[in-house]
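Q: Just to be clear, the model below is a prediction. Sequence and coordinates:
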Amino acid sequence: ETLGFVVLESMASGVPVVAARAGGIVNLIDDGEDGYLCEPGDEEAYLARLVTLREDADFRAEMGRRARREAERWSWEAATSVLRNVQYE
């Protein structure tokens, strides 16, 4: 996905995202703050992040709140501006 609308939908729902450090997703997630970014193919990193979120409900909830705040910043105009100006320069 070029920009990461699925990521934004998850964040808007207050769900922390564990995603690949690739494409437009890197513009949406502040690694460790409102979600996690992992190198594509690094299965151990994905698993470690998921286990952290599963085992620490307070941290998961706080990360979800931060994800929601970040998602609220992204209107259609802002999202397409990033897509147009950053991804295709």
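A: Perfect, thanks for sending it.
Q: show me the contacts for the closest residue to Ala22 other than its chain neighbours.
A: Leaving aside its sequence neighbours, Ala22 sits nearest to Pro40 (Cβ to Cβ, 6 or more residues apart in numbering; 5.6 Å). Heads up, the C-betas are built off the backbone N, CA and C, glycines and all. When contacts are counted by Cβ atoms under 8 Å, 6 or more residues apart in numbering, Pro40 is found next to 20-22.
Q: How is Pro40 assigned, secondary-structure-wise?
A: Reduced to three states with DSSP: H, G, I helix; E, B strand; the rest coil, the structure at Pro40 is coil.
Q: Ala67 and Ala19 touch, don't they?
A: No - assessed by Cβ atoms under 8 Å, Ala67 is found out of contact with Ala19, at 11.3 Å.
Q: Secondary structure element holding the residue nearest the centre of the chain?
A: Taking Cα atoms, centre = their mean, the centroid of the chain lies closest to Ile29, which sits 3.8 Å from it. Element membership of Ile29, judged by DSSP states H and E, is empty: it is in no helix or strand.
Q: So the nearest residue to Trp74 once chain neighbours are set aside versus Val17, what's the distance?
A: Closest residue to Trp74 apart from its sequence neighbours, by Cβ to Cβ, 6+ apart: Leu8 at 5.6 Å. Distance from Leu8 to Val17, counting by Cβ to Cβ, to the nearest Å: 9 Å.
Q: Compare the two and say which is more crowded by neighbours.
A: Per other Cβ atoms under 10 Å, whichever of Leu8 and Val17 has more neighbours is Val17, with 24 against 21.
Q: Tell me which helix or strand Ala19 sits in.
A: Under the criterion of DSSP H and E, Ala19 resides in strand 17-20.
Q: Check which residues of that strand are buried.
A: Neighbour counts using 16 or more other Cβ atoms under 10 Å place 17-19 of strand 17-20 among the buried residues.
Q: Tell me the gap between the longest helix seen in the chain and the middle of its chain.
A: Residue-count comparison of every helix in the chain, with assignments taken from DSSP state H, identifies helix 57-72 as the longest. Shown here is helix 57-72, whose average C-alpha point lies 10 Å from the average C-alpha point of the whole chain (Cα atoms, centre = their mean, to the nearest Å).
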